[in-house]
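Novice: A predicted structure for the sequence below; I have some questions about it.
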Amino acid sequence: MKAYKLALTVLLAALSGLAVAHHGRLQDHTLRGTILHSGIYRTVSDAFHQRVAHAAGAPVGIELVEQTSILPARAGVRFGFCASITGVLEDGDLDLLKVVSHPPLFGADGRVSTGYEQEIELVAAGGEAMACVGHALESEAEALPGRWTVALMAADQVVAAREFELR
C-alpha cells in the first residue's frame, strides 16, 4: 500500500510539473501584439523599452517623431515601434525577447553581425502590457542601408514585428 501511495505521489508531482510547463508554453501562444505606431523616435531611454502597464498614450520618455518605415541611414536615428500586448495569462512580469536583424555588419575584428537579441521584461496587468522597442544607430559604420527588422518574440512565436528600410 505504501508503494502505491508513493507511486501516486510521484505521478501527481510529475503531472503538476507538466501543467506548470504547459502553462508557460500556452501563454506564449496566447500573446498577441498590436502595433500602435512605428517609425523614428526621440527617447531618453537608452535601451528603448519601458516597463509599463496600462499607460495612457506613449510610455514616458519615448516620443514618436515621424511615423514611417523608410529611414535615413545615419548615426543618431532611433527607430522601432510601440505595441500593446494582449493575451497575458497572469499579472506581473512578462519576459519577451527583442530581436533586431539587419544587413551584414563587418566588425574591426573580422566578425560579421546580422542582428542581436535582448531580453525585455514588461509588467502586465489585466491581461495586457505595453512595450516600446527599437534600435539606435550609434555610428555611421552601423547605419547600414537595407532592410532592418525589429520584433518581439515569446519563445518561437512572433508577438509583434515591423520592417524598416534604411536608405
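Specialist: Received the coordinates, thanks. Numbers count the residues shown, from 1 in each chain.

Novice: going forward, measure contacts between C-alpha atoms and count neighbours the same way
Specialist: OK.

Novice: just the helices in this structure please.
Specialist: Assigned by DSSP state H, the chain shows helices spanning 2-30.

Novice: got the domain boundaries for it?
Specialist: 1-30, 31-166 (automatic domain parsing).

Novice: Where does the prediction get shaky in the protein?
Specialist: Residue ranges of the chain with pLDDT under 70: 1-28, 44-60.

Novice: Could you spell out the sheet neighbours of the strand ranked longest in the chain, each with its direction?
Specialist: Longest strand of the chain, by residue count under DSSP state E: strand 92-106. Paired strands of strand 92-106, with direction, are strand 112-124 (antiparallel), strand 146-154 (antiparallel) (DSSP bridges).

Novice: Pick the most buried one from those.
Specialist: Compared across the strands paired with strand 92-106, strand 146-154 shows the largest average neighbour count, a mean of 20 (mean count of other Cα atoms under 10 Å).

Novice: And that one, how far out from the chain middle?
Specialist: 9 Å (Cα atoms, centre = their mean, to the nearest Å).

Novice: repeat for stretch 77-87
Specialist: 8 Å.

Novice: follow-up on the earlier one: any idea which of the domains of the chain is most buried?
Specialist: Comparing the domains of the chain by mean count of other Cα under 10 Å gives domain 31-166 as most buried, with a mean of 18.

Novice: Quote the end-to-end distance of it.
Specialist: 29 Å (Cα to Cα, to the nearest Å).

Novice: Could you tell me which residues make contact with the nearest residue to L71 once chain neighbours are set aside?
Specialist: Distance criterion Cα to Cα, 6 or more residues apart in numbering; nearest residue to L71, sequence neighbours excluded, is L166 at 4.7 Å. Shown in contact with L166 (Cα atoms under 8 Å, 6 or more residues apart in numbering): 70-73, 143-148.

Novice: thinking again about what came up before, wait, which of the strands paired with strand 92-106 is closest to L94?
Specialist: strand 112-124 (5.0 Å; Cα to Cα).

Novice: Cool, thanks, signing off.
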